[in-house]
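In: next come a sequence and a model predicted from it.
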Amino acid sequence: MQLKFISSILIFLTLLIVSETNCLSQSAGTTIYSEAMQEKLDTFRTVALVQPDSCDQLFNEVHNLALQTKEYHAVAKAQNIRRIGYAYQNKIPEAIKYFMKANEIASKLPPTDILVDSRNNIGNMYITQGDSVNALHYISLGLEAALLYGNLDRELITRIQLTSLEIDCKKLDEAFINLESIRAKYHLITELDVKAYYHIARCRYFYEKEMYDSALVHAQIGLEQYESLDDAIGMTTCNYYVGMNQLKIGNLNKAVEHCQTSYNVADTSSLDIWKMQSCECLWQAYQEKGDYAKALDYHLKLTELREQTKNDERVRDITKLEMEVEFTKTRMEDSLKIAEKNLREKSEQDLILQQEKSKNTILYIGLGGLAIIAFILFRSFRSKKRDNLIILEQKNTVEQKQHEIMDSISYAKRLQDAILPSHSQIHTILPDHFIFYAPKDIVSGDFYWMESFAKASDSNGVKKDFVTLLAAADCTGHGVPGAMVSVVCSNALRRSVREFGLTNPGEILDKVSSIVVETFENDRNEVKDGMDAALISLSEEKENGERILEFSGANNPLWIVRRAEKINEAQVKDPSVTIEETNNMAMIEIKGDRQPVGVFANKKPFQTTKINLLKGDLIYIFTDGFPDQFGGPKGKKLKYQTFKKLLLSSAHLGMLEQKEMLANTLAQWQREFEQTDDICVIGVRV
């Protein structure tokens, strides 16, 4: 059995016990159970969850009282509570016995939380045996029961469990559809642990899609929620996922910090599964850091834990055999009951036939009536069958289209990734930088672009005077439409430099604008798609450490942060420059032209601003996604002024630390609000 299946069921069992407690506490004010029965169930639950083997007398008292008062739901409830106690103590055969009884009783009664839990429990037993096919089947049945029951908490818990299992099985398209359904009802979730469980599922989805920045945001939200609940399993899980995403991004110190925390909590709470996961993360992180002594230490611990897991798997094989025996026994008992029922019905039918032989007139009338009814029922059945076939065909068509759409979007993401410069390429030219790139959907309307070239050559033909062009762009729309426009705009930037030989940022934006207008030209309709952008040209560093920067913007500005004492008088008096100071650091803001790239009334040439950079200056270009994010206690936008203060206050940090600060701030600000727009922020230290 893979570890990811065990991690899913550990967290789900914790949620199941919490929901069981809530259900029992709430039922006292309803008409489901009498006061005496409620008292019996409360006492039974207290004992069953701790010592399920020592509660036979209490169970018999609940059973006898239920038969007297005809409160049959209470019998199934008691069976379910007892099963959860056995499952939580890993006594699988005993758990099987009682959840089968609970499911048998609940299936004969109107839908309640008991039927939902019974079906989910069967699915979870299949998870423990590594049978994902049957697990998906029964948890899907649990979701159907939750929807019939009409309980939102049960529905969302089951849907999150189903999503987590789909991620485990690499069914990411189905998982995405479920995650979107949960996100639409996120504001209705009342339990904080359910919200945290949702964010873990969201994190794992983005991790599988290799969208590590987005995965990190959800892992950090889940960690904060589990910390407020003091939930050991949840904190261990989230610290592990924060660490793994930090490892993927390249923040090795943070990866070690969070995975070490996960390991310590798992060790204290005897969660060997997460100890093994955290060991593997720490081993990889220390290897990449070059600390081979610690890497070896955690590799040895990992090997030891894996040996323990092999022993657990041998126990699981024995348990699986016991399960098969129990299932076979139950099926045989059910077959005997059905045979007895059929025999009894046949005897009754024979008696009726003998009585009807003496009443020929009534028989003929009855047969005639039955024939008419049978004809009506047959027509109704045939019509319903035809309608069901049509519905099934439509359902299959919709599912096929959905699958094709998801395949197309995934392919579009690969195409969009291909037009973005690689991290290694950017790091070679700009070693001290960060790019915080977080699409709202799988594909994005925001993109970043870079081009580096030599403006001249010496007498020996060696290239010199290298210039680097760097842009952060926000195309019209987001998702698939925005991504399509981004491909056009990125290609236009590349053509302006390589084909038309332009190096001046303003001239480049003018040429890009004309290419975009020409691309979307149509005799019948005027397409107004385009982009907002900030484009800079950065010269090679001189001997005195200075560099020349040229900037042109389409609705988007350029921000330069430098020490306040280095701001000269000419910059202070320049009306095109806005200067703000915080903690002895000053921000120079150079605004872009108030027009987009593309179709625009009263179009003017884009202006180019030139500025001398000093050693230690920080350059920031960005789109509007970060400051426009809704969140906070009042659900308002973060705004540009807050964004400026964040960058000024963190100017003393390294560039990767600044990126992490932005990600943490966004997660804390966003809270339960969904992401508003695509986000792209680029920072460079000169």
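Out: Arrived safely, thanks for sending. Owing to the predicted nature of the structure, the values given are computational and were not obtained by experimental measurement.
In: could you use CA atoms for every contact and neighbour count after this?
Out: Fine.
In: list the buried residues for the one helix or strand Glu224 maps to?
Out: Following DSSP states H and E, one finds Glu224 within helix 212-229. Within helix 212-229, the residues that qualify as buried are 212-226, counting by 16 or more other C-alpha atoms under 10 Å.
In: and the next helix or strand after that helix, what does it pack against?
Out: With elements assigned by DSSP H and E, the helix or strand that comes after helix 212-229 is helix 232-249. Contacts defined by 3 or more C-alpha pairs under 8 Å, 6 or more residues apart in numbering; DSSP states H and E place helix 232-249 against helix 3-27, helix 192-208, helix 212-229, helix 252-268, helix 272-289.
In: assign Met450 to helix, strand or coil.
Out: strand (DSSP: H, G, I helix; E, B strand; the rest coil).
In: what's the nearest residue to it if we skip its chain neighbours?
Out: Leu470 (4.5 Å; C-alpha to C-alpha, 6 or more residues apart in numbering).
In: for beta bridges, what are the partners of the one you found?
Out: Beta bridges link Leu470 to Met450, Ile536 when assigned by DSSP bridges.
In: that one and Phe447 touch, don't they?
Out: No - with contact defined as C-alpha atoms under 8 Å, Leu470 does not reach Phe447; the gap is 11.1 Å.
In: among those two, which residue is more densely surrounded?
Out: Counted by other C-alpha atoms under 10 Å, Leu470 and Phe447 do not tie: Phe447 has more neighbours, with 30 against 20.
In: a markdown table for the helices and strands packed on helix 232-249, including mean pLDDT and distance to Phe59?
Out: Compiled in a markdown table, these are given as follows (pLDDT from 0 to 100; distance: least, C-alpha to C-alpha, whole Å):
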| stretch | mean pLDDT | distance to Phe59 |
| --- | --- | --- |
| helix 3-27 | 48 | 16 |
| helix 192-208 | 90 | 30 |
| helix 212-229 | 92 | 32 |
| helix 252-268 | 90 | 34 |
| helix 272-289 | 88 | 33 |
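In: just checking, what packs against the helix or strand hosting Arg495?
Out: When elements are defined using DSSP H and E, Arg495 is found to belong to helix 479-498. Helices and strands touching helix 479-498, by 3+ C-alpha pairs under 8 Å, 6+ apart, are helix 360-419, strand 446-457, strand 463-475, helix 505-519.
In: give the bridge partners for Glu532, please.
Out: Heads up, residue 532 is Asp, not Glu. For Asp532, the beta-bridge assignment (DSSP bridges) gives partners Asp474.
In: contacting residues for it?
Out: Taking C-alpha atoms under 8 Å, 6 or more residues apart in numbering, we find Asp532 in contact with 473-475, 553-556, 596-597, 623.
In: could you flag which of those are buried?
Out: Among the contacts of Asp532, those buried by neighbour count (16+ other C-alpha under 10 Å) are 473-475, 553-556, 596-597, 623.
In: SS state for the residue nearest to Asp617 when sequence neighbours are not counted?
Out: Leaving aside its chain neighbours, Asp617 sits nearest to Arg562 (5.0 Å; criterion: C-alpha to C-alpha, 6+ apart). Under three-state DSSP, the three-state class of Arg562 is strand.
In: Arg562 pairs with what?
Out: Assigned bridge partners for Arg562, using DSSP bridges, are Ala586.
In: quick check: closest non-adjacent residue to the residue nearest to the spatial centre of the chain.
Out: Against the mean C-alpha coordinate of the chain, by C-alpha atoms, centre = their mean, the closest residue is Arg202 at 1.3 Å. Leaving aside its sequence neighbours, Arg202 sits nearest to His218 (C-alpha to C-alpha, 6+ apart; 6.5 Å).
In: contacts only, for that neighbour.
Out: Contact analysis of His218 by C-alpha under 8 Å, 6+ apart lists 199-200, 202-203, 667.
In: how does it look with 7 Å?
Out: 199-200, 202-203 (C-alpha atoms under 7 Å, 6 or more residues apart in numbering).
In: gap between it and Ala663?
Out: 10 Å (C-alpha to C-alpha, to the nearest Å).
In: kindly report the same for Asp291.
Out: Remark: distance between Asp291 and Ala663 (C-alpha to C-alpha) = 27 Å.
In: these two: which is more packed in?
Out: For Asp291 versus Ala663, the count of surrounding residues by other C-alpha under 10 Å is larger for Ala663: 21 against 12.
In: now do the closest residue in space to that one that isn't next to it in sequence against Asn612, distance only.
Out: Leaving aside its sequence neighbours, Ala663 sits nearest to Val217 (C-alpha to C-alpha, 6+ apart; 6.5 Å). Per C-alpha to C-alpha, Val217 is found 37 Å from Asn612.
In: kindly report the same for Gly631.
Out: Distance from Gly631 to Asn612, by C-alpha to C-alpha: 38 Å.
In: so if I had to pick from those two, which one is more boxed in?
Out: Shown here are Gly631 and Asn612; by other C-alpha under 10 Å, Gly631 has more neighbours (21 against 10).
In: can you count the residues close to the nearest residue to the more buried one once chain neighbours are set aside?
Out: Nearest residue to Gly631 in three dimensions, chain neighbours excluded: Gln670, at 4.4 Å (C-alpha to C-alpha, 6+ apart). Counted with other C-alpha under 10 Å, the neighbours of Gln670 add up to 23.
In: over to Arg414?
Out: Counted with other C-alpha under 10 Å, Arg414 comes out at 12.
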